[in-house]
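S.K.: have a look; sequence and predicted model below, questions after that.
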Amino acid sequence: PRSHYSKRRSSHAATMAEGGEGVKVAEIKDLTRIERIGAHSHIRGLGLDDALEARKVSQGMVGQVNARKAAGVILSMIRDGQIAGRAVLLAGQPGTGKTAIAMGMAKALGEETPFAMMAGSEIFSMEMSKTEALTQAFRKAIGVRIKEETEIIEGEVVEIEIDRPAGGTGVAPKTGKLTLKTTEMETVYDLGQKMIESLEKEKITAGDVITIDKASGRITKLGRSFARSRDYDAMGAQTKFVQCPEGELQKRKEVVHVVTLHEIDVINSRTQGFLALFAGDTGEIRPEVREQIDGKVSEWREEGKAEIVPGVLFIDEVHMLDIECFSFLNRALENDMAPVLVVATNRGITKIRGTNYKSPHGIPIDLLDRLLIVSTLPYTERELRLILDIRCEEEDVEMAEDAKDLLCKIGHETSLRYSIQLITAAALVAHKRKSSEVEICDISKVYGLFLDVQRSTQFMVEYQEQFMFNEIPEEKGDGMEM
């Protein structure tokens, strides 16, 4: 297929050249989104209206009306800051949208509210103790909104004069003058070597509206002034036009940063903590460091410099935690700075890991008593069809209506996840036969190529003798075949 496309492109270029006679045709490259399509990349929110009523199909969410309503109530309490140290359990069969609801909550909360995700089995594969891993996860889900006032200079650049020394580079430092104006005043500033370098780096020219942070000297380009928007100026489509600032050039501006307690912990735990934060190699953090940070944050709260933003910690496959972790969670939820804990599981009555006792969802009764339990129900055939429509659109696959009906039937008889995975595979088969639309024959082909769980199990039962270590007892014999 690659050679086919390249031939077509080159022949197209040749005809352009012949027709143009000497006209140079510039090669235009399309900008591609660097964005991978994941299992839940189509989720944009919970799909609720202002009255917290769930719409049937909205923001990538389909069905699960009661579960989404319940998540919406919890969400509004998180936003109001009325709920902390509470825990919610999303319980339901595999493929009923538990993780999708958690992702919808994360999207609906926005960027400012911390949302930490982890799988229950993660804590056993880390190079630190289980309780330390859980503590770090808890502190990732608690944000601190820090307010600080900075002095800035904001105005439109009228003129930049830079005097370069005649003796070549490195003989004397550059000097210059910068003229800035607002609608009410105009001032000339003397420039030093560093400011000239910053202006050159940001490619600042006359007509740009800029802000200069007085404390750090950082220059930010806000856009071009409307007064300079001439038709004959060579400008790209991405050029942003802004009004000339009003009032005085020097202003006081309140800047708000939101950082998590975990980020503060890591930065203060070692000399190069900032680098460790990017590398992910945080290691175990001493309790003394955390105590000092908590004390400092409490001081900031009293002074009005900072406020706590309780976020959400989502633990998927929570039945994989053991009795020690559950005991830790019981205690951690009682802390006054605890986030909202959302856990999900697809298990029924099963053993609590680390004990011989059985319990609903594999969670101890005392922790279950603290949880608000939200159950998810299996999807109907109509809901499956709507989900498949959304996934086809997300994966950019054109599919015929009868092919979608067949895929929906497969999903109803096998599982939603299996039918979703067939979409891209069928699109590739259709592409091989030079078709832009997926049809029934493509779905049938991939259905034959890739087995679902039921057909795979049937295959195992039929050919069990030819596999190693099978544990299905023979019909005649009483023992297991080893």
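M.R.: Structure's in. What do you need? As the structure is a prediction and not an experimental result, all values here were calculated from the model. Residues are numbered from 1 along each chain as shown.
S.K.: CA only for contacts and neighbour counts going forward, please
M.R.: Fine.
S.K.: got the residue ranges for the helices in the stretch 351-482 of the chain?
M.R.: Using DSSP state H, counting those that start in this stretch, the helices of the stretch 351-482 of the chain run over 365-368, 381-394, 401-413, 416-432, 440-449, 453-462.
S.K.: do the same with the stretch 51-200 of the chain
M.R.: Using DSSP H, counting those that start in this stretch, helices in the stretch 51-200 of the chain cover 65-80, 98-109, 130-140, 193-201.
S.K.: helices or strands up against the shortest one?
M.R.: Here helix 193-201 is seen to pack against strand 175-181 when contacts are counted using 3 or more Cα pairs under 8 Å, 6 or more residues apart in numbering; DSSP states H and E.
S.K.: neighbours of A427, how many?
M.R.: 24 (other Cα atoms under 10 Å).
S.K.: same check on T187?
M.R.: With other Cα under 10 Å as criterion, T187 counts 12.
S.K.: mind listing what the closest residue to L416 other than its chain neighbours touches?
M.R.: Computed as Cα to Cα, 6 or more residues apart in numbering, the closest residue to L416 that is not its neighbour in sequence is G95, at 6.5 Å. Shown in contact with G95 (Cα atoms under 8 Å, 6 or more residues apart in numbering): 378, 415-417.
S.K.: of the residues you listed, which is the most crowded?
M.R.: Most neighbours among the contacts of G95, by other Cα under 10 Å: L416, with 23 neighbours.
S.K.: hmm, that one is touching L386, no?
M.R.: No - counting by Cα atoms under 8 Å, L416 does not reach L386; the two are 11.5 Å apart.
S.K.: joint contacts of those two?
M.R.: In contact with both L416 and L386: no residue, using Cα under 8 Å, 6+ apart.
S.K.: now the residue nearest to L416: how far from I420?
M.R.: 11 Å (Cα to Cα, to the nearest Å).
S.K.: OK, contacts around Q64?
M.R.: By Cα under 8 Å, 6+ apart, the neighbours of Q64 are 97, 376-377, 379.
S.K.: which one of those sits closest to E317?
M.R.: G97 (13.3 Å; Cα to Cα).
S.K.: now that closest one, nearest residue through space, not along the chain?
M.R.: Nearest to G97 is T376, by Cα to Cα, 6+ apart, at 7.2 Å.
S.K.: isn't that neighbour right up against R68?
M.R.: No - taking Cα under 8 Å as the definition, T376 is not a contact partner of R68, at 9.2 Å.
S.K.: okay, those two: which has more neighbours?
M.R.: Set T376 next to R68 and count neighbours by other Cα under 10 Å: R68 wins out with 27 against 23.
S.K.: got a list of what the more buried one touches?
M.R.: R68 touches 46-48, 54, 101, counting by Cα under 8 Å, 6+ apart.
S.K.: where are the low-confidence patches of the stretch 51-200 of the chain?
M.R.: By pLDDT under 70, the weakly predicted segments of the stretch 51-200 of the chain are 81-84, 165-173.
S.K.: swap the cut-off to 80 and go again
M.R.: Within the stretch 51-200 of the chain, the stretches with pLDDT under 80 are 78-85, 110-112, 126-127, 148, 164-174.
S.K.: same check on the stretch 251-400 of the chain?
M.R.: Along the stretch 251-400 of the chain, the parts satisfying pLDDT under 80 run over 253-255, 270-283, 336.
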